[in-house]
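Chemist: no FASTA, just this:
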């Protein structure tokens, strides 16, 4: 860089003493520009623009320094989106090309008609470990009449109504529903509150209707209403009219469950809190059959533990002993126990540098740390069993609590 003249040196000293003095800095930049030192002028103008972004003199000096006298710097050419789209068209599919959504939400692609209906699966009740009482009640209340149409006709057994599974979380209600669908050789359509509720007035009811229309088109089909307490909450406690209308729509659909148009449509529902479900949903002809699904018994725990340990490296595992120490754990608790035991062995192998198998020591230690997740549910259910068992609705729950000495 050429040496500064005495004037430029003096101006630089003054600018250094007053760095925020924009006119003084621009005067220095102008002298530098007149001296043919465009780069030095650009540097000084850039600092001036930081202090005064809208200064017209600074912008004009920047344009001159950039080689466009009297005009601002030319803008960069716009990005060629069309050319870029052609370059990546074979890799990235088109996005955001649909027509604008309607203001009333009627063309929402996430509606019930967009649900994926699972084709008949291979899961059967035989795949459900233990729980013989539950299987026997399913057979008597639901499956036997369906398998024997002639006997059903002889005894006047109606298929009207659906089945409600209730009990603590993590005990396999959804798996049992899939097993029932497998026994029937029916498709499976699982529905939750997120699939039905919509922000637009009237769309939630439409979605509920479309759920059943989809099931009718795919018959034989099991409609599984997950978390029924959210889909069918007591209307007396519901302040929002839209939610009440959704429950009304569900009642309408259930009322037609034995109509000709609904032939081959079977309704199952699950909830952890049946006492929060609208009483009208449990009226005869709707979800009038109720089955309590409890934490797995001994044979069920053995089957669940065997399933979760089948692909893990184990040695000398005494399943009988493990079944005894896991009494009261839910299916989800047992899965977590196996995961925790595997984690203990993995971390130990990582620390020592020697791979070892999962043993009883790991499993028993994990079982000791697992807190039964069903206990809070039983604490709430105990009050219901004691003070809200009108008509014997929860007699099976009362019997279980007495057997476990929780009542």
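Modeler: That came in fine, so what should we check first? In this text the structure is predicted, and so the values were computed from the model without any measurement.

Chemist: Residue 268 should be in a strand, yeah?
Modeler: Yes: under DSSP: H, G, I helix; E, B strand; the rest coil, residue 268 sits within a strand.

Chemist: Show me which helix or strand of this structure is least confident by mean pLDDT.
Modeler: None of the helices or strands of the chain scores lower by mean pLDDT, DSSP states H and E than helix 81-88, at a mean of 65.

Chemist: which parts of stretch 390-401 are buried?
Modeler: Of all the residues in stretch 390-401, those buried under the rule 16 or more other C-beta atoms under 10 Å are 393-394, 396-398, 400-401. For glycine as for every other residue, the C-beta is placed from the backbone atoms N, C-alpha and C.

Chemist: what's the lowest-pLDDT member of those residues?
Modeler: Within the buried residues of stretch 390-401, the minimum per-residue pLDDT falls on residue 393 (85).

Chemist: I'd guessed it sits against residue 290; true?
Modeler: Yes: counting by C-beta atoms under 8 Å, residue 393 does reach residue 290; the two are 7.4 Å apart.

Chemist: The helix or strand hosting residue 154 - contacts with which helices or strands?
Modeler: In this assignment (DSSP states H and E), residue 154 forms part of helix 149-155. Packing partners of helix 149-155 (3 or more C-beta pairs under 8 Å, 6 or more residues apart in numbering; DSSP states H and E): helix 144-147.

Chemist: mind listing what's buried in the helix it packs on?
Modeler: Using 16+ other C-beta under 10 Å as the test for burial, helix 144-147 gives 145-146.

Chemist: go on, stretch 135-155?
Modeler: 135, 137-138, 142-143, 145-146.

Chemist: can you put these in a markdown table and add distance to residue 350?
Modeler: Converted to a markdown table, the buried residues of stretch 135-155 look like this (distance: C-beta to C-beta, whole Å):
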| residue | distance to residue 350 |
| --- | --- |
| 135 | 43 |
| 137 | 47 |
| 138 | 45 |
| 142 | 49 |
| 143 | 49 |
| 145 | 56 |
| 146 | 53 |
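
Chemist: Go through these and name the one nearest residue 204.
Modeler: Distance to residue 204 across these (C-beta to C-beta) is lowest for residue 142, with 28.3 Å.

Chemist: wait, is that closest one part of a helix?
Modeler: Yes: with three-state DSSP as the criterion, residue 142 is part of a helix.

Chemist: quick one: contacts for it?
Modeler: By C-beta atoms under 8 Å, 6 or more residues apart in numbering, the contact list for residue 142 reads 163, 180, 266, 289.

Chemist: And the next helix or strand past the lengthiest helix in the chain?
Modeler: Counting by DSSP state H, the longest helix found in the chain is helix 331-352. Scanning forward in sequence from helix 331-352 by DSSP H and E, the next helix or strand is helix 360-369.

Chemist: Whichever helix or strand comes after that following helix packs against which elements?
Modeler: Helices and strands here follow DSSP H and E; after helix 360-369, the next one along the chain is helix 375-387. For helix 375-387, the contact count by 3+ C-beta pairs under 8 Å, 6+ apart identifies helix 395-403 as packing neighbours.

Chemist: How far off centre is the helix it packs on?
Modeler: Its chain's average C-alpha position is 33 Å from that of helix 395-403, according to C-alpha atoms, centre = their mean, to the nearest Å.

Chemist: Check which helices and strands it sits against.
Modeler: On a contact count with 3+ C-beta pairs under 8 Å, 6+ apart, helix 395-403 meets strand 289-292, helix 375-387.

Chemist: Among the ones you listed, show me which one is buried the most.
Modeler: Mean neighbours per residue, mean count of other C-beta atoms under 10 Å, is largest over the helices and strands packed on helix 395-403 for strand 289-292, with a mean of 19.

Chemist: for the record, mean pLDDT for that one?
Modeler: The pLDDT scores in strand 289-292 average 88.

Chemist: how far does that strand sit from the chain's center?
Modeler: Offset of strand 289-292 from its chain centre (C-alpha atoms, centre = their mean): 26 Å.

Chemist: helix or strand right after that strand?
Modeler: Remark: after strand 289-292, the chain's next helix or strand is helix 298-309, criterion DSSP H and E.

Chemist: so after that following helix, what's the next helix or strand?
Modeler: Under the assignment DSSP H and E, the closest C-terminal helix or strand after helix 298-309 is helix 319-325.

Chemist: Now that next one: buried residues?
Modeler: In terms of neighbour count (16+ other C-beta under 10 Å), helix 319-325 has its buried residues at 322-323.

Chemist: now swap in stretch 336-355 and tell me
Modeler: Neighbour-count burial for stretch 336-355 flags 336-338, 340-342, 344-345 (criterion: 16+ other C-beta under 10 Å).

Chemist: and the chain, what are its domains?
Modeler: The record's domain parsing of the chain by automatic domain parsing lists 6-65, 112-292, 298-369.

Chemist: from the chain's centre, how far out does the second one sit?
Modeler: Which is domain 112-292. On C-alpha atoms, centre = their mean, the centre of domain 112-292 falls 20 Å from that of its chain.

Chemist: same question, stretch 324-334
Modeler: 25 Å.

Chemist: end to end, how far does that stretch reach?
Modeler: Chord length of stretch 324-334, first to last residue, is 12 Å (C-alpha to C-alpha, to the nearest Å).

Chemist: now do stretch 217-236
Modeler: With C-alpha to C-alpha, one end of stretch 217-236 sits 34 Å from the other.

Chemist: switch to numbering from 43
Modeler: All set: I'll call the first residue 43, so the last point we hit is now stretch 259-278.
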